[in-house]
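Visitor: Turn this into a model:
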Amino acid sequence: MKLTKNIIKNTLEKIGFTPRAYQIDAISRLFRVHTLGMSIPRQNGKTETAIMASVISALRGDTVIYLLHNGDLVHAVAQRTAEYMQPLKSIGIVNDIIISVNRNEIIFGSGAKIIFKIRSSRGIGVGLTADVLICDEAQKMSPDELEAALPATTTSPRRGLFLIGTPPTDDDLIQYPQSPLLSQRAACMGTENWIEFGIGDYDANHTPTLADAHKANPAWR
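Guide: As a prediction, the model looks like this:
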(Lines give C-alpha, C1' and ligand atoms only; values in the text may rest on other atoms or scores of the structure.)
Protein backbone atom coordinates (compact mmCIF):
# COMPACT_ATOMS: atom_id res chain seq x y z
CA MET A 1 0.00 0.00 0.00
CA LYS A 2 1.30 3.44 -0.93
CA LEU A 3 1.82 5.72 2.05
CA THR A 4 0.00 8.85 1.01
CA LYS A 5 0.05 12.02 3.08
CA ASN A 6 -3.55 11.39 4.14
CA ILE A 7 -2.75 7.87 5.34
CA ILE A 8 0.27 9.12 7.29
CA LYS A 9 -1.73 11.99 8.82
CA ASN A 10 -4.72 9.84 9.79
CA THR A 11 -2.53 7.08 11.24
CA LEU A 12 -0.50 9.47 13.37
CA GLU A 13 -3.60 11.26 14.63
CA LYS A 14 -5.23 7.97 15.66
CA ILE A 15 -2.15 7.13 17.73
CA GLY A 16 -2.22 10.51 19.46
CA PHE A 17 0.26 12.63 17.54
CA THR A 18 -0.65 16.05 16.19
CA PRO A 19 1.42 16.21 13.01
CA ARG A 20 1.98 19.48 11.21
CA ALA A 21 2.01 19.76 7.43
CA TYR A 22 5.80 19.92 7.16
CA GLN A 23 6.14 16.77 9.29
CA ILE A 24 3.74 14.82 7.09
CA ASP A 25 5.62 16.05 4.03
CA ALA A 26 8.97 14.97 5.48
CA ILE A 27 7.75 11.47 6.38
CA SER A 28 6.07 10.87 3.02
CA ARG A 29 9.14 12.18 1.24
CA LEU A 30 11.44 9.83 3.18
CA PHE A 31 9.61 6.81 1.80
CA ARG A 32 9.69 8.29 -1.69
CA VAL A 33 13.37 9.26 -1.95
CA HIS A 34 14.82 6.84 0.67
CA THR A 35 17.63 9.22 1.73
CA LEU A 36 16.48 12.49 3.24
CA GLY A 37 18.26 15.30 5.07
CA MET A 38 16.38 17.87 7.09
CA SER A 39 17.43 20.93 9.06
CA ILE A 40 14.97 22.54 11.45
CA PRO A 41 15.46 25.03 14.30
CA ARG A 42 15.10 23.81 17.87
CA GLN A 43 11.70 23.89 19.57
CA ASN A 44 9.90 23.29 16.27
CA GLY A 45 9.25 19.54 16.44
CA LYS A 46 12.51 18.00 15.20
CA THR A 47 12.58 15.01 17.54
CA GLU A 48 8.83 14.56 17.23
CA THR A 49 9.28 14.33 13.44
CA ALA A 50 11.93 11.63 13.86
CA ILE A 51 9.73 9.71 16.31
CA MET A 52 6.75 9.85 13.96
CA ALA A 53 8.89 8.65 11.05
CA SER A 54 10.07 5.74 13.21
CA VAL A 55 6.54 4.76 14.15
CA ILE A 56 5.19 4.92 10.59
CA SER A 57 8.16 2.84 9.40
CA ALA A 58 7.53 0.20 12.06
CA LEU A 59 3.81 0.10 11.32
CA ARG A 60 4.58 -0.75 7.70
CA GLY A 61 6.76 -3.64 8.93
CA ASP A 62 10.23 -2.09 9.02
CA THR A 63 12.88 -2.47 11.66
CA VAL A 64 14.16 0.98 12.57
CA ILE A 65 17.42 1.86 14.28
CA TYR A 66 17.12 5.30 15.82
CA LEU A 67 20.60 6.68 16.48
CA LEU A 68 21.22 9.39 19.05
CA HIS A 69 24.14 11.43 20.34
CA ASN A 70 24.39 10.07 23.89
CA GLY A 71 22.83 7.73 26.41
CA ASP A 72 20.64 10.34 28.07
CA LEU A 73 19.03 11.18 24.73
CA VAL A 74 18.55 7.48 23.93
CA HIS A 75 16.62 6.93 27.14
CA ALA A 76 14.62 10.17 26.87
CA VAL A 77 13.52 9.62 23.26
CA ALA A 78 12.79 5.92 23.83
CA GLN A 79 10.63 6.81 26.83
CA ARG A 80 8.83 9.51 24.89
CA THR A 81 8.10 7.11 22.03
CA ALA A 82 6.98 4.40 24.47
CA GLU A 83 4.31 6.70 25.90
CA TYR A 84 2.73 7.01 22.45
CA MET A 85 2.91 3.23 21.99
CA GLN A 86 0.97 2.26 25.12
CA PRO A 87 -2.45 2.31 23.35
CA LEU A 88 -1.03 0.13 20.55
CA LYS A 89 0.30 -2.29 23.15
CA SER A 90 -3.13 -2.57 24.74
CA ILE A 91 -4.64 -3.78 21.45
CA GLY A 92 -1.74 -6.07 20.50
CA ILE A 93 -0.17 -4.08 17.66
CA VAL A 94 2.86 -3.59 19.91
CA ASN A 95 4.03 -6.73 21.71
CA ASP A 96 6.61 -5.38 24.08
CA ILE A 97 8.19 -2.13 25.24
CA ILE A 98 11.64 -2.44 26.79
CA ILE A 99 13.13 0.65 28.40
CA SER A 100 16.28 -0.04 30.41
CA VAL A 101 19.87 1.09 30.83
CA ASN A 102 21.22 -1.39 28.29
CA ARG A 103 18.28 -2.00 25.97
CA ASN A 104 15.64 0.32 24.55
CA GLU A 105 13.30 -1.30 22.05
CA ILE A 106 9.69 -1.29 20.95
CA ILE A 107 8.68 -4.63 19.44
CA PHE A 108 5.63 -4.86 17.18
CA GLY A 109 3.39 -7.86 16.59
CA SER A 110 4.48 -7.94 12.95
CA GLY A 111 8.10 -8.49 13.99
CA ALA A 112 9.02 -4.88 13.25
CA LYS A 113 11.05 -2.99 15.85
CA ILE A 114 12.22 0.45 16.83
CA ILE A 115 15.67 0.12 18.39
CA PHE A 116 17.21 3.14 20.10
CA LYS A 117 21.01 3.21 20.12
CA ILE A 118 23.97 5.49 20.79
CA ARG A 119 25.84 6.07 17.56
CA SER A 120 29.53 5.21 17.53
CA SER A 121 32.40 4.94 15.07
CA ARG A 122 32.84 1.38 16.42
CA GLY A 123 29.44 0.35 15.05
CA ILE A 124 26.01 -0.20 16.56
CA GLY A 125 26.03 -3.89 17.43
CA VAL A 126 27.11 -7.19 15.93
CA GLY A 127 24.45 -8.78 13.75
CA LEU A 128 22.04 -5.87 14.09
CA THR A 129 20.04 -5.33 10.90
CA ALA A 130 17.44 -2.75 9.96
CA ASP A 131 15.44 -1.29 7.10
CA VAL A 132 15.56 2.35 8.20
CA LEU A 133 18.24 4.37 9.96
CA ILE A 134 17.15 7.59 11.64
CA CYS A 135 20.01 9.82 12.77
CA ASP A 136 18.89 12.56 15.15
CA GLU A 137 21.20 15.52 15.90
CA ALA A 138 22.95 14.68 12.63
CA GLN A 139 24.72 18.04 12.65
CA LYS A 140 26.81 16.58 15.50
CA MET A 141 27.54 13.27 13.74
CA SER A 142 30.89 12.24 12.28
CA PRO A 143 31.22 10.56 8.87
CA ASP A 144 32.78 7.56 10.66
CA GLU A 145 29.68 7.13 12.81
CA LEU A 146 27.44 7.04 9.75
CA GLU A 147 29.75 4.67 7.89
CA ALA A 148 29.75 2.34 10.89
CA ALA A 149 25.93 2.28 10.99
CA LEU A 150 25.10 1.91 7.28
CA PRO A 151 26.03 -1.81 6.97
CA ALA A 152 23.07 -2.63 9.20
CA THR A 153 20.76 -1.82 6.27
CA THR A 154 22.71 -3.66 3.58
CA THR A 155 20.34 -6.62 3.29
CA SER A 156 17.10 -4.59 3.27
CA PRO A 157 15.29 -4.26 -0.08
CA ARG A 158 13.83 -0.88 0.97
CA ARG A 159 16.59 0.86 2.84
CA GLY A 160 15.89 4.33 4.23
CA LEU A 161 18.15 6.95 5.78
CA PHE A 162 16.78 10.02 7.58
CA LEU A 163 19.38 12.58 8.65
CA ILE A 164 17.69 15.17 10.82
CA GLY A 165 19.21 17.96 12.88
CA THR A 166 19.26 21.61 13.79
CA PRO A 167 21.20 24.32 11.97
CA PRO A 168 24.77 23.86 13.24
CA THR A 169 26.29 26.40 15.59
CA ASP A 170 29.77 27.79 15.02
CA ASP A 171 31.09 25.18 17.48
CA ASP A 172 29.36 22.40 15.52
CA LEU A 173 30.96 23.61 12.31
CA ILE A 174 34.40 23.49 13.94
CA GLN A 175 33.91 20.11 15.62
CA TYR A 176 31.91 18.37 12.86
CA PRO A 177 32.90 20.11 9.59
CA GLN A 178 32.03 16.99 7.56
CA SER A 179 28.89 15.92 9.37
CA PRO A 180 26.47 13.84 7.27
CA LEU A 181 23.89 16.61 7.58
CA LEU A 182 26.24 19.18 6.07
CA SER A 183 27.28 16.74 3.35
CA GLN A 184 23.66 15.97 2.49
CA ARG A 185 22.85 19.66 2.32
CA ALA A 186 25.81 20.40 0.06
CA ALA A 187 24.95 17.53 -2.29
CA CYS A 188 21.15 17.80 -2.32
CA MET A 189 20.12 21.39 -1.61
CA GLY A 190 17.19 22.22 -3.89
CA THR A 191 16.25 18.57 -4.49
CA GLU A 192 13.67 16.19 -3.03
CA ASN A 193 16.41 14.78 -0.77
CA TRP A 194 16.76 17.93 1.33
CA ILE A 195 14.37 19.98 3.50
CA GLU A 196 15.46 23.15 5.24
CA PHE A 197 13.06 25.15 7.39
CA GLY A 198 13.40 28.54 9.02
CA ILE A 199 11.03 30.33 11.35
CA GLY A 200 9.30 32.11 8.46
CA ASP A 201 8.39 28.81 6.83
CA TYR A 202 5.78 27.97 9.44
CA ASP A 203 3.45 30.93 9.11
CA ALA A 204 2.39 32.14 5.68
CA ASN A 205 1.24 35.44 7.19
CA HIS A 206 4.63 36.25 8.71
CA THR A 207 7.42 37.88 6.71
CA PRO A 208 10.64 36.76 8.38
CA THR A 209 13.07 39.44 9.55
CA LEU A 210 16.85 39.23 9.63
CA ALA A 211 16.57 38.45 13.34
CA ASP A 212 14.21 35.54 12.55
CA ALA A 213 16.61 34.20 9.96
CA HIS A 214 19.60 34.37 12.30
CA LYS A 215 17.67 32.64 15.08
CA ALA A 216 16.50 29.91 12.71
CA ASN A 217 19.84 29.20 11.04
CA PRO A 218 22.69 30.92 12.88
CA ALA A 219 25.40 29.34 10.77
CA TRP A 220 23.70 28.98 7.37
CA ARG A 221 21.92 32.27 6.84
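Visitor: Which parts of this protein are helices?
Guide: Assigned by DSSP state H, the helices in the chain fall at 5-15, 21-33, 46-59, 71-90, 143-149, 170-175, 180-188, 210-216.
Visitor: which helices and strands does the fifth one pack with?
Guide: I take that to be helix 143-149. If you count contacts as 3 or more Cβ pairs under 8 Å, 6 or more residues apart in numbering; DSSP states H and E, helix 143-149 packs onto strand 63-68, strand 132-135, helix 180-188. Using the backbone N, CA and C atoms, a C-beta is placed for each residue, glycine as well.
Visitor: Same list, these, but as TSV with mean pLDDT and distance to residue 117 please.
Guide: TSV is the format used below for the helices and strands packed on helix 143-149 (pLDDT from 0 to 100; distance: least, Cβ to Cβ, whole Å):
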stretch	mean pLDDT	distance to residue 117
strand 63-68	97	6
strand 132-135	97	10
helix 180-188	94	16
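Visitor: Could you check the ones you listed and tell me which one is nearest residue 97?
Guide: Nearest of those to residue 97, taken as Cβ to Cβ: strand 63-68 at 14.1 Å.
Visitor: end-to-end on stretch 30-42?
Guide: 21 Å (Cα to Cα, to the nearest Å).
Visitor: Might you calculate how far that stretch sits from the centre of the chain?
Guide: 8 Å (Cα atoms, centre = their mean, to the nearest Å).
Visitor: Buried residues in it, which are they?
Guide: Judged by neighbour count using 16 or more other Cβ atoms under 10 Å, the buried positions of stretch 30-42 are 30-31, 35-41.
Visitor: Now stretch 182-195: buried residues?
Guide: Buried residues in stretch 182-195, counted by 16+ other Cβ under 10 Å: 182-185, 188, 193-195.
Visitor: tell me the contacts of the most centrally placed residue in the chain?
Guide: For the chain, residue 50 is the residue whose C-alpha lies nearest the centre (Cα atoms, centre = their mean; 3.0 Å). Residue 50 makes contact with 66, 77, 134, 136, 162, 164, according to Cβ atoms under 8 Å, 6 or more residues apart in numbering.
Visitor: Just send those residues back as TSV, with distance to residue 19 and neighbour count too.
Guide: Listed next are those as TSV, based on distance: Cβ to Cβ, whole Å; neighbours: other Cβ atoms under 10 Å:
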residue	distance to residue 19	neighbour count
66	18	28
77	17	22
134	16	27
136	17	27
162	15	26
164	15	24
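Visitor: residues in contact with residue 55?
Guide: 12, 15, 17, 81, 84-85, 114.
Visitor: So in this protein, where's the weakest helix or strand by average pLDDT?
Guide: Using mean pLDDT, DSSP states H and E, the weakest-scoring helix or strand in the chain turns out to be helix 210-216, at a mean of 59.
Visitor: re earlier: now the buried members of the contacts of residue 55.
Guide: Among the contacts of residue 55, those classed as buried by neighbour count (16+ other Cβ under 10 Å) are 12, 15, 17, 81, 84-85, 114.
Visitor: Specify which member of those is nearest to residue 24.
Guide: residue 12 (7.8 Å).
Visitor: ok, now which ones touch the closest one?
Guide: With Cβ under 8 Å, 6+ apart, residue 12 has these contacts: 19, 24, 52, 55-56.
Visitor: Pull the most distant pair out of the residues you listed.
Guide: Comparing all pairs in those by Cβ to Cβ, the longest separation belongs to 24 and 55, at 13.0 Å.
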